[in-house]
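Participant: Pasting the sequence and the predicted model now:
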Amino acid sequence: MSYAIIRNEKYKRENLKGIYRHNERRNKNYSNKNIDKSKSHLNYSIKEPTYSYEKEFDKIREKYNLKGQIIVCEYIITSDKEFFESIGEKETKRYFETAYKFVCEYKNLGEQYILSAKVHLDEETPHLHLAFIPVVHTTDKKGNAIDKIACSEFWKAKDSYIQLQNAFYSYITENGFDLERGKSSSREHLSVKDYKEITNYEKSKQTLKDIKIELPNVPNIKDFGKLTVKRDERIQKEIIEPKDKIIDMLYSDNKKLHQELEKQINVIDKAEKLENERQTILQEKVNLENKCSILEKDFHNKELELKRNLNKKYDELLSENIYLNKIINTFEKTIKKFISWVCKKFTVSEENALIRDFQQETNTFMNPDKQIEYEEQQEEYEL
């Protein structure tokens with residue numbers, strides 16, 4: 001079964017010239033031996049740039065007043081050779097046109113932010129290079145709707161590439177293409193294990209050990225004994241010199257092979273070391289994430305417990321305050337009744353006069369606020 005494949009690359013401004021010349025086939029020669037220049041005329045554009053990618057980027061940025069990074073993304077969209085051969089030329093074209101529509105709609109990007117969409121048919125497997133500006137639709141500080149270049153926000157989600165694969169697979173199959181979902185991977189290069197298998201690492205390593213680059217012993221003319229001068233010259237010219245040339249040539253080739261194998265093995269050994277370090281770092285990252293998760297949960301529980309205790313204390317203080325207010329109000333009523341009773345009991349004509357005399361003679365106020373103020377003044381005076 002064939003797969004619906006979409007991959008993403010990110011490029012800065014300094015990369016755009018090379019990407020433009022490759023995608024739009026502006027070079028005379030290519031290091032990629034899969035490119036058949038005799039078939040390059042079969043390539044076609046779904047969206048063709050008027051200028052170079054750099055100029056297209058600048059014009060779009062100016063036209064839509066875009067702020068943010070100077071960065072471009074590129075989707076490479078394809079499947080396998082057998083799939084395109086089975087569906088034929090017409091459906092192949094529809095496949096890439098459908099993929100183009102998907103990109104326009106995905107994350108509400110918009111066709112205006114696509115620099116170029118070029119289909120290559122001059123390589124072993126047809127594929128689409130689609131260069132676009134990663135624009136996000138957001139708001140400024142005042143709440144006004146704006147568009148800005150923000151690659152980190154466009155690919156913000158941790159599983160953003162998985163989301164891309166899922167969305168592309170759904171879109172392409174809904175449009176009638178019988179494909180399986182492409183395999184997601186956070187790595188865009190071969191694993192060390194895969195690279196070892198492809199380069200035949202173990203065999204190369206053993207070959208490197210077995211290779212001997214020393215020159216073999218060659219016969220010396222003196223070893224032939226006493227021969228005529230003419231015969232000596234003939235042996236030297238027809239046997240020894242040609243053999244020496246072959247030996248020198250083999251020695252040179254052998255030395256180059258040794259160097260290449262040694263370079264290959266060093267690269268793989270280094271890659272393996274880096275991969276081990278990477279796995280260690282990833283494991284440490286997982287451990288730290290677990291610790292953070294535990295700390296966050298612990299902090300959350302303590303926060304809830306603290307809130308519960310504060311609410312409980314607040315309720316207790318509120319209840320106590322209500323009770324104290326009730327006591328004070330009851331005491332005030334009792335005092336008023338007591339004064340009224342005293343006046344009647346001892347035939348005092350005015351309650352106010354009784355209260356005034358009591359306050360003057362005892363320096364005690366019936367109003368609690370005044371009494372507190374008086375006592376505080378007395379304390380300050382004594383100090």
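Facilitator: Yep, it's here.
Participant: Pull the residues that contact stretch 336-349.
Facilitator: Here stretch 336-349 makes contact (C-beta atoms under 8 Å, 6 or more residues apart in numbering) with E350, E351, L354, I355. Using the backbone N, CA and C atoms, a C-beta is placed for each residue, glycine as well.
Participant: ok, and the closest non-adjacent residue to the first one?
Facilitator: Think E350. C343 (7.6 Å; C-beta to C-beta, 6 or more residues apart in numbering).
Participant: any idea which element that neighbour lies in?
Facilitator: helix 241-345 (DSSP states H and E).
Participant: Kindly report the same for T138.
Facilitator: Element membership of T138, judged by DSSP H and E, is strand 135-139.
Participant: Then L130?
Facilitator: strand 127-132.
Participant: Restrict that strand to CA atoms and write it as CSV.
Facilitator: Output in CSV follows, covering the C-alpha atoms of strand 127-132 (Å, rounded to 0.1, in the frame of the first residue of the first chain):
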residue,chain,number,x,y,z
HIS,A,127,6.9,15.3,-6.2
LEU,A,128,5.7,18.8,-5.4
HIS,A,129,7.9,21.5,-3.9
LEU,A,130,5.6,24.1,-2.3
ALA,A,131,7.3,27.2,-0.7
PHE,A,132,5.2,29.3,1.6
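Participant: Could you list the domains of the protein?
Facilitator: 3-188, 193-286 (automatic domain parsing).
Participant: so of those, which one's packed in deepest?
Facilitator: domain 3-188 (a mean of 16; mean count of other C-beta atoms under 10 Å).
Participant: Could you pull up the mean pLDDT of it?
Facilitator: Averaged over domain 3-188, pLDDT sits at 91.
Participant: Which residues does stretch 20-35 contact?
Facilitator: Applying C-beta under 8 Å, 6+ apart, the contact partners of stretch 20-35 are 37, 40, 43, 49, 52-54, 116, 118, 120, 122-124, 129, 131.
Participant: from the chain's centre, how far out does stretch 120-136 sit?
Facilitator: Here stretch 120-136 is found 22 Å from its chain centre; the criterion is C-alpha atoms, centre = their mean, to the nearest Å.
Participant: Please apply the same query to stretch 66-84.
Facilitator: Worked out by C-alpha atoms, centre = their mean, stretch 66-84 lies 17 Å from the chain centre.
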